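1. next one to model:
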Amino acid sequence: MLYVVLPIYWHEAGLTSLWQVGILLSVNRFVRLPLNPLIGWLYRKMPLRVGLVTAVLLGSLTTIGYGTLHGFAAWLVLRAVWGVAWSLLRMGGFLTVIAYSDDSNRGRWMGRYNGLSRIGSLFGMLLGGLLTPIFGLSAVAVAFGLIALAGLPSISIWMPKRSTAPGKADVKPRTASEDGAADQAGVWYKSAAVRKAIATGLILSMLQAILTATLSLVIESNYSGVQTLFGIALAGTALAGGLQAVRWTAEPLLASWFGRLSDGPRGRLPLFATALVASAAGFALMPWPLPFALWLAAVLLVMVAGTAVSTLMDALASDAARTASVIAVMTAYSVATDLGSAIGPAASYALAGWAGGLVPAYVGSAVIFGAIALWHWPRRKAKPFSAGTGASGGL
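-> Numbering: from 1, shown residues only. Below is the predicted model of the structure:
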């Protein structure tokens, strides 16, 4: 909701400058950077459900705070506390999927997990974009904070009381062919597959954060006034929310489908590289004032490709973690993706202010997407990746 609403209604939050929006959309991720190792250590000591319940309570309180507190300083604290909540939630979700999946279905379950979590994004961005112009930011934020408490009975009903994070006994042993860079079984960071997954996750999370944080601003810059989406006339924030809602509506099905497809004999890499190329094409078109139908097609392409990229990247990281130390690798991966997500909004708004627009950020992102696709493109002489061969064979 904040990604759609705050770039337009920042005055209602008591902010005095647009640069504060970029800081607030990033600070929760910067806070998570030093916290993720601590969160990983805590999950070694406590049941998964304890971390998830704590995440829901903190998330609810901070969201209510968005509607009751005003000013940059207060929001800075709220966004930092939300970073703690999201670290607990994200790490707990990853570890739950890894604990209850294997090589034959990890992509499908990671896709299902990502897809279902996007339903929250669907309601957040759609309802936030539609209701904020009517009721105001404060009222919508308080309502969302109360709705967040619905996560508590879900955890109580479906999460086993004694469920714990996967430990060393759950880790698949490595072989020399799977990881020639690692010469000690306990030194996870020596794995070439792990290092590549972490680096890729950092860069991709940065690029995808740029889209989420600036979509409403792109619309406002190139298509000011009322536009029509599926026959409905929408203002800038509502159009941004509607576009994101289209993605989140399709994502529960698409993410699961992409994940299940990557579990097949061709593996994850061909589909992953193709999705990166599609993302590059869409990003290259988006910042320009094109005919609205063509621009809309580019946005939808980026969103579908983004679903595949996110799902497959998480699956690849999970594959790599299963050949090393699960909690250590997923902690490092979470730190990397949080760092990228933190850099994205702040860097894009800073670059937009310096260059006078978002074109350099989007075109530069397209080039980087293409470079990553080349880095991961399957080699003819390499053994095709499959879920059963481990992550290092594919990465």
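2. pull the number of nearby residues for the nearest residue to Tyr223 once chain neighbours are set aside.
-> Excluding its sequence neighbours, the residue lying closest to Tyr223 (CB to CB, 6 or more residues apart in numbering) is Phe292, at 6.4 Å. Quick note: C-beta positions are derived from backbone N, CA and C, even for glycine. Residues lying near Phe292 (other CB atoms under 10 Å) number 13.
3. would you confirm that Phe292 contacts Asn222?
-> No - checked against CB atoms under 8 Å, the pair Phe292 and Asn222 is beyond contact range at 9.0 Å.
4. so for Ala235, what's the pLDDT?
-> Per-residue pLDDT puts Ala235 at 56.
5. could you do Leu207 as well?
-> If you check Leu207, the pLDDT there is 92.
6. now name the helix or strand holding it.
-> Element membership for Leu207 (DSSP states H and E) is helix 192-222.
7. now find how far off-centre that helix is within its chain.
-> Relative to its chain's centre, helix 192-222 lies at 8 Å (CA atoms, centre = their mean, to the nearest Å).
8. other SSEs contacting that helix?
-> Applying 3 or more CB pairs under 8 Å, 6 or more residues apart in numbering; DSSP states H and E, one finds that helix 192-222 contacts helix 2-5, helix 236-262, helix 269-285, helix 292-322, helix 326-355, helix 359-376, helix 391-394.
9. would you mark the buried spots in the fifth one?
-> Okay, so that is helix 326-355. 326-349, 351-352 (16 or more other CB atoms under 10 Å).
10. can you check the longest one too?
-> For helix 292-322, burial by neighbour count (16+ other CB under 10 Å) applies to 295-296, 298-299, 301-322.
11. could you give the angle of it to helix 326-355?
-> If you take axes from the mean of the first three to the mean of the last three CA atoms, to 10 degrees, helix 292-322 sits at 150 degrees to helix 326-355.
12. report the angle between helix 292-322 and helix 269-285.
-> Going by the same axes, to 10 degrees, helix 292-322 makes 140 degrees with helix 269-285.
13. which helices and strands does helix 292-322 pack with?
-> helix 72-99, helix 106-135, helix 192-222, helix 236-262, helix 269-285, helix 326-355, helix 391-394.
14. export those helices to a markdown table and tack on distance to Ala141?
-> Supplementary listing: these in a markdown table, determined by distance: least, CB to CB, whole Å:
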| stretch | distance to Ala141 |
| --- | --- |
| helix 72-99 | 10 |
| helix 106-135 | 9 |
| helix 192-222 | 17 |
| helix 236-262 | 15 |
| helix 269-285 | 30 |
| helix 326-355 | 19 |
| helix 391-394 | 40 |
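15. ok, and what's touching stretch 360-376?
-> 200, 203-204, 207, 210, 214, 218, 269, 272-274, 276-277, 279-284, 286-287, 347-348, 351-352, 355, 395 (CB atoms under 8 Å, 6 or more residues apart in numbering).
16. over to Pro291: give its phi and psi.
-> Here the main-chain torsion angles of Pro291 (degrees, to the nearest 10) amount to phi -50, psi 140.
17. what's the neighbour count on it?
-> Pro291 has 8 nearby residues by other CB under 10 Å.
18. from Ser101, how far out is Tyr113?
-> Distance from Tyr113 to Ser101, counting by CB to CB, to the nearest Å: 9 Å.
19. do the same with Ala373
-> Ala373 is 27 Å from Ser101, by CB to CB.
20. Met303 now?
-> 26 Å.
21. do I have it right that Leu211 meets Leu301?
-> No - the pair Leu211 / Leu301 is not scored as a contact, 11.8 Å apart, by CB under 8 Å.
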